[in-house]
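K.L.:
generate a structure from the sequence data that follows.
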Amino acid sequence: MTATDAKLKKAERTRQRILDAALPLMLDGGYEKMTMRAIAKEAGLSPGAAYYYFETKEHIINAFYERTIIEHEQACRKILDEERNFAKRLRRCVTAQIEISRPYHEISADLFRVAADPNHPLSPFNEASRTVRERSMAIFAEIYRGSRSRVPKPLDAYLPGLLWLYHMGIVLFWVHDKTENQSKTDRFIERTVPLVINLIRLAKVPGFSRALKATLQLLDDFTWLKLATPKASTDKK
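P.N.:
Below is the predicted model:
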């Protein structure tokens, strides 16, 4: 290992150390009470060292989001390798995100209040979140592109974003789910996935193309919703 490689590995370990220190603080006091000084103390670092790796606590939360995206990609990788049915792929991948997020349910409301503000850099709808958002959208693109189902070409570019919005709606439902282990969310997923699939199938019905075209024209203003360039497939063909 070269000196440069060793330095990079040390930097990554320190970043991970800061992130690991931040999450318990966030669980204990919430997002608003979590401070960079407290995070640095918990990580055994000086405040200056913490600021060197993360300019603000928002950057730490963004790193947390990125980590959950990686975990979701890994979980979906296994699902997409063994399943070709569109509905089952969608249901299992959406459920996988909930399972990954479940340990953070107590603080999810705090995080979602921040994320719900489209002007906040942590919002999934903000330009600053484009990379994370598109990585997530790419998962949903592969859910149907790697399945046995096909959709009309005009819908293909928009469907990853629409499925991502559906997924965000599920997360919002989960945030407000007060049942034990958020069991109501599990039932909600089971009941809504067939509805989503049936709506997509409508796009193939003769005579529906005009309505589809009008709907997609309405979506043109939401440029962030369109995954124009297909991402590299995560499926093994």
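K.L.:
how much space separates Ala128 from Ala87?
P.N.:
Shown here: Ala128 relative to Ala87, a distance of 34 Å by Cβ to Cβ, to the nearest Å. In this view, the C-beta of every residue, glycine as well, is placed from N, C-alpha and C.
K.L.:
who has more neighbours out of those two?
P.N.:
Neighbours were tallied for Ala128 and for Ala87 using other Cβ atoms under 10 Å; the higher tally belongs to Ala87 (18 against 13).
K.L.:
what sits closest to Cys76 if chain neighbours are left out?
P.N.:
Cys93 (4.7 Å; Cβ to Cβ, 6 or more residues apart in numbering).
K.L.:
so who does that neighbour touch?
P.N.:
When contacts are counted by Cβ atoms under 8 Å, 6 or more residues apart in numbering, Cys93 is found next to 72, 75-76, 79-80, 139-140, 143.
K.L.:
pipe these into TSV and attach pLDDT per row.
P.N.:
Below are the contacts of Cys93 laid out as TSV (pLDDT from 0 to 100):
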residue	pLDDT
His72	94
Ala75	96
Cys76	96
Ile79	96
Leu80	96
Ile139	94
Phe140	94
Ile143	95
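K.L.:
among the residues you listed, who's most crowded?
P.N.:
Ile143 (29 neighbours).
K.L.:
my guess is it meets Lys88, correct?
P.N.:
No: here Ile143 does not reach Lys88: they are 9.9 Å apart, not a contact under Cβ atoms under 8 Å.
K.L.:
where does this structure dip in pLDDT?
P.N.:
1, 3-5, 8, 114-115, 227-237 (pLDDT under 70).
K.L.:
residues contacting the residue nearest the centre of it?
P.N.:
When the chain is reduced to its mean C-alpha position, the nearest residue by Cα atoms, centre = their mean turns out to be Ser136, at 4.9 Å. If you count contacts by Cβ under 8 Å, 6+ apart, Ser136 has them with 69, 72, 124, 164, 167.
K.L.:
switch the cut-off to 10 Å
P.N.:
Under the criterion of Cβ atoms under 10 Å, 6 or more residues apart in numbering, the contact partners of Ser136 comprise 65, 68-69, 72-73, 97, 124, 129, 160-161, 163-164, 167-168.
K.L.:
now do the helices in this structure.
P.N.:
In the chain, helices defined by DSSP state H lie at 3-29, 36-43, 47-53, 57-82, 86-101, 105-115, 130-145, 153-156, 159-175, 183-202, 209-219, listed in chain order.
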